[in-house]
Structures are given as structure tokens and as C-alpha cells.
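Q: Show me how the following folds:
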Amino acid sequence: NIINLKYHQWFIEKKMKVYSQIVRLYLDISFENNTNFKITEKQAHYLLNVMRIRVGSRIFVFNGFEGEFIAEVFQIQNHTVECKLLEKTRHQQDEEELQLIFALVKKDRIFNIIEKCTELGVTSFQPVITERTQNHNYNLEKLRLYAIEASEQTRRLTIPKINDVQNLNLLINDWDANKSILFCNENDGTPFMKIRNNLGKPVSILVGPEGGFSKKELDFLNSFNFIQSISLGPRVLRSDTAAISSVTCYQSKFGDWN
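A: As a prediction, this is how the structure comes out:
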């Protein structure tokens, strides 16, 4: 009846509101084999000292391949948080592959690329060395932590892969010609919103370093049929802005926003 229907709607809205306010954590374990599990070290410190969870508190947990669950804290002892699974809240879903190939830039801008593009749905990151690359150092584990945190905050069910650094020329020479690369070219290219939806999937997006690609690299990239030169507008964008903008455009036109 109408009263029961209204109560059901109120209960669902209240439940979702409560869920949206609680902590969400990535754990590298199988929940099918661990219905009770322990959280230790940095994650336990975060739960206890930052989020102030207590016995009886509930948290979302996910592992990147089994979906999302809600768990309840039933014991806190020796800086260890013990939890038990209550129910599965979301099933794992397939994601369309979208890779971002980006030249290493300044450290803070790399972190910005990883964080924001993880939020936008990039499934793998490929850092590259180009002729004008100035920063040749990066911490893979720290970049992975940024990706995990971004996935936790955005209710994403997966963690994007971060590949080892490669030389741009070697990467392209070994590329599968059936897979498209959208090359963000500040000098020339088809406007993003005019690209036809006949791209060879999965798609990768390529953005350059601070100072752009060299003339030799531009000629090299434009010599391959699987690489399509695209424009991001009349302004020259910073590398991290170009990465975020291009992924946004792709998701809105071809990806999971459409």
C-alpha cells in the first residue's frame, strides 16, 4: 500500500545517506576467503586516528575484483581493527579500457594527473621519457597510493594499473596497430568533439612533456596510421591540464559518461 511504499522509499534514502557518510577502504585481500579480516598499520591508523571509528562502526571495503561490501568493526586491539563482512553492496563491473600515456613532468603535476585521471576512469597509466623530459625520477608505489586513494573517494571498484616508465619511441615502435592512440597536439589536429567514433579499441591518450614534443618526435608520431592527432582548443595547456581535459572529453563523447 501507499504507506508501506513511502516507508520503503524513506528507508532506502536513509540507508544510502548513512552509507555515503562512512569510510571506504581498498584492501588487497579476497573477501570470499576472508569474511572476517584484520586491518593493520597505516590503514588502521587512518581508521582509528583520522576517521575515529569505533567498535560497531561500519565501513565500505573493496578489492578491485569482487565488488564492494559493507563491513562492521567488532574488535579493536593493539592498533589492529578487526571487521566482519555484512553484505555485498555492489557487484564487480567490467570497465572499458582507457590508457593514458603521459610524459614525466614535475612531481606535483604527476600526482595531479594520477589522482584526477583515476577519478575520471583511466584504467592504466603509461609514463614515458621524451626528448624534453626533465624529470626522470618517480616513485611507483607513491603513485599507486594516489590512485588507490582516488578510487576510494570516488566509489570506483577498480584500481588503475601504473606501468613502468618506457622510452616513447620504443613504446610506439612496439605498439599494436589495431589499438588507437589519440595524440594531444598543441600545433595541429582534429578538434576532440569532431572525432568520429570509429576508433580501434582499447584507446590510449597521449600527452606530452613541459615544453611539448620536439619536431623530430612530432614527425615520428604523425607517421603512424593508428595515431590520430587531436586538438584541445586554441590555448596551450599544461601537461596535467591536457591530460585531465582530454580524458574528460573522451569520457563525455565515447566513454562511460555517454
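Q: can you tell me which residues contact Ile172?
A: Ile181, Phe220, Leu221, Phe224, Ile227 (C-beta atoms under 8 Å, 6 or more residues apart in numbering). Just so you know, the C-beta spots here come from the backbone N, C-alpha and C atoms, and that holds for glycine as well.
Q: TSV for those, including distance to Lys106 and secondary structure?
A: Output for these, formatted as TSV (distance: C-beta to C-beta, whole Å; DSSP: H, G, I helix; E, B strand; the rest coil):
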residue	distance to Lys106	secondary structure
Ile181	24	strand
Phe220	25	helix
Leu221	23	helix
Phe224	29	coil
Ile227	26	strand
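Q: Quick check: of those residues, which has the highest neighbour count?
A: Ile181 (22 neighbours; other C-beta atoms under 10 Å).
Q: host element of the spatially most central residue of the chain?
A: Residue closest to the average C-alpha location in the chain (C-alpha atoms, centre = their mean): Thr118, at 2.0 Å. Taking DSSP states H and E as the criterion, Thr118 maps to helix 107-120.
Q: what does Lys216 give?
A: helix 215-221.
Q: Dump that helix to PDB, keeping only the CA atoms.
A: This file holds the C-alpha atoms of helix 215-221, laid out as PDB (Å, rounded to 0.1, in the frame of the first residue of the first chain):
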ATOM      1  CA  LYS A 215      59.900  18.500 -34.200                       C
ATOM      2  CA  LYS A 216      61.500  15.000 -34.600                       C
ATOM      3  CA  GLU A 217      59.000  13.400 -32.200                       C
ATOM      4  CA  LEU A 218      56.100  15.200 -33.900                       C
ATOM      5  CA  ASP A 219      57.100  13.800 -37.300                       C
ATOM      6  CA  PHE A 220      57.600  10.400 -35.800                       C
ATOM      7  CA  LEU A 221      54.200  10.300 -34.100                       C
END
